[in-house]
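>>> quick one: sequence and predicted model below, then my questions.
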Amino acid sequence: MEKVEVTWHEHAVARADRERLNGHRGCVVWFTGLSGCGKSTIANLVDRQLFERGVHTFLLDGDNVRHGLNPSTAMLAEAHDADFAQRFGLGFGPADREENIRRIGAVTELFCSAGLITLAAFVSPYRKDRDLVRQRLEASGGAGDFIEVFVDTPLEVCESRDPKGLYKKARAGELKGMTGIDDPYEAPLKPEITLAGGSAPPDKLATEVIRQLMERGIVRE
Ligand SMILES: Nc1ncnc2c1ncn2[C@@H]1O[C@H](COP(=O)(O)OS(=O)(=O)O)[C@@H](OP(=O)(O)O)[C@H]1O
Ligand SMILES: Nc1ncnc2c1ncn2[C@@H]1O[C@H](COP(=O)(O)OP(=O)(O)O)[C@@H](O)[C@H]1O
């Protein structure tokens, strides 16, 4: 294994300085759940409402991050050679999902240390990968830096929504490794927040997230 010499440098502006300037602490609010459960919709509503209250936020969303930071092999092949594209491109196999969440976790850690309330909306189906993000955040920051939001919407409901037609393709055998169909979704064991995504409207669920952020002293009343 090649040895790489890298050294961690302390920043001249600390996280606490940035949080003072922002007027609130940073943290990561991590939405997890099946495709179509409502992660994006709810996270966007929370983002908008917090933004309008003057809170410093940023939203990282699955499909969008897979267009830039974590593109597929085919996307990378447009501008790079096949070896490079193969080496760094990410799909939906177990190791690719693990690396997707690891990279995103590292990005949320940076945003959190910038004092932002960072909203992350990813299927993130494997418990171990989400738990690793939590551990890293709590080790580099502190308790309360990772708030796991389980958008608990039954598979039948997600499948009936199917906005991208992915479930239909998976049922037809045209898409392999679809979460909830032929790839597992491991629900959080002790999420900070659970939302009934199949039985309440998105605005009510977003309000519930903000209420809980207030209760935890992250956002002012
Ligand atoms: N096989 C398979 N399983 C699940 N989802 C799939 C798959 N293939 C493509 N998609 C689309 O990719 C979006 C999920 O990307 P994520 O980066 O959040 O996935 S993961 O956390 O790495 O599992 C997901 O977006 P959302 O529907 O917004 O969740 C899907 O649109
Ligand atoms: N609580 C909800 N009740 C009814 N429909 C919802 C709810 N949340 C999301 N939706 C709808 O379900 C579809 C999938 O939502 P989306 O936020 O894209 O899910 P995800 O990001 O988890 O894939 C969208 O058409 C959205 O309008």
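Looks like it arrived, so ask away. Ligands and ions are numbered 1, 2, ... in the order given.
>>> M214: neighbouring residues, count only.
12 (other Cβ atoms under 10 Å). In short, each C-beta sits where N, CA and C put it, glycine included.
>>> same question for the one 5 residues further on.
Applying other Cβ under 10 Å, we find 22 residues neighbouring V219.
>>> from V123, how far off is it?
To V123, V219 is 26 Å away according to Cβ to Cβ, to the nearest Å.
>>> what's the answer for P191, then?
Taking Cβ to Cβ, one finds P191 at 15 Å from V123.
>>> how about E19?
30 Å.
>>> between those two, who's got more neighbours?
Higher neighbour count among E19 and V123: V123, with 22 against 17, using other Cβ under 10 Å.
>>> output the longest helix belonging to the protein.
The single longest helix within the chain, with elements called by DSSP state H, is helix 94-113.
>>> that one vs ligand 1: in contact?
Yes - Helix 94-113 reaches ligand 1 (Cβ under 6 Å from any ligand atom) through R97, N100, I101.
>>> ok, and the most crowded of those residues?
Top of the residues of helix 94-113 next to ligand 1 by neighbour count (other Cβ under 10 Å): I101, with 25 neighbours.
>>> hmm, which helix or strand of this structure has the shakiest average pLDDT?
When the helices and strands of the chain are scored by mean pLDDT, DSSP states H and E, helix 62-65 comes last with a mean of 87.
>>> packing partners for it?
In terms of contacts (3 or more Cβ pairs under 8 Å, 6 or more residues apart in numbering; DSSP states H and E), helix 62-65 is packed against helix 39-52.
>>> swap in 10 Å and give it another go.
Helix 62-65 is packed against helix 39-52, helix 94-113, strand 117-121, with contacts defined by 3 or more Cβ pairs under 10 Å, 6 or more residues apart in numbering; DSSP states H and E.
>>> mean pLDDT added to these, as CSV?
Below are these laid out as CSV (pLDDT from 0 to 100):
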stretch, mean pLDDT
helix 39-52, 98
helix 94-113, 97
strand 117-121, 98
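>>> just say which of these is most tucked in.
strand 117-121 (a mean of 27; mean count of other Cβ atoms under 10 Å).
>>> dump the next helix or strand after that strand to PDB, restricted to CA.
Moving toward the C-terminus from strand 117-121, the next helix or strand (DSSP states H and E) is helix 127-140. Listed next in PDB are the C-alpha coordinates belonging to helix 127-140 (Å, rounded to 0.1, in the frame of the first residue of the first chain):
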ATOM      1  CA  ARG A 127     -27.200   1.100   8.800                       C
ATOM      2  CA  LYS A 128     -23.400   0.600   9.100                       C
ATOM      3  CA  ASP A 129     -22.700   3.400   6.600                       C
ATOM      4  CA  ARG A 130     -25.000   5.900   8.400                       C
ATOM      5  CA  ASP A 131     -23.600   4.900  11.800                       C
ATOM      6  CA  LEU A 132     -20.100   5.600  10.500                       C
ATOM      7  CA  VAL A 133     -21.100   9.100   9.400                       C
ATOM      8  CA  ARG A 134     -22.600   9.700  12.900                       C
ATOM      9  CA  GLN A 135     -19.500   8.400  14.600                       C
ATOM     10  CA  ARG A 136     -17.200  10.600  12.500                       C
ATOM     11  CA  LEU A 137     -19.300  13.700  13.000                       C
ATOM     12  CA  GLU A 138     -19.600  13.200  16.700                       C
ATOM     13  CA  ALA A 139     -15.800  12.500  17.000                       C
ATOM     14  CA  SER A 140     -14.800  15.600  15.100                       C
END
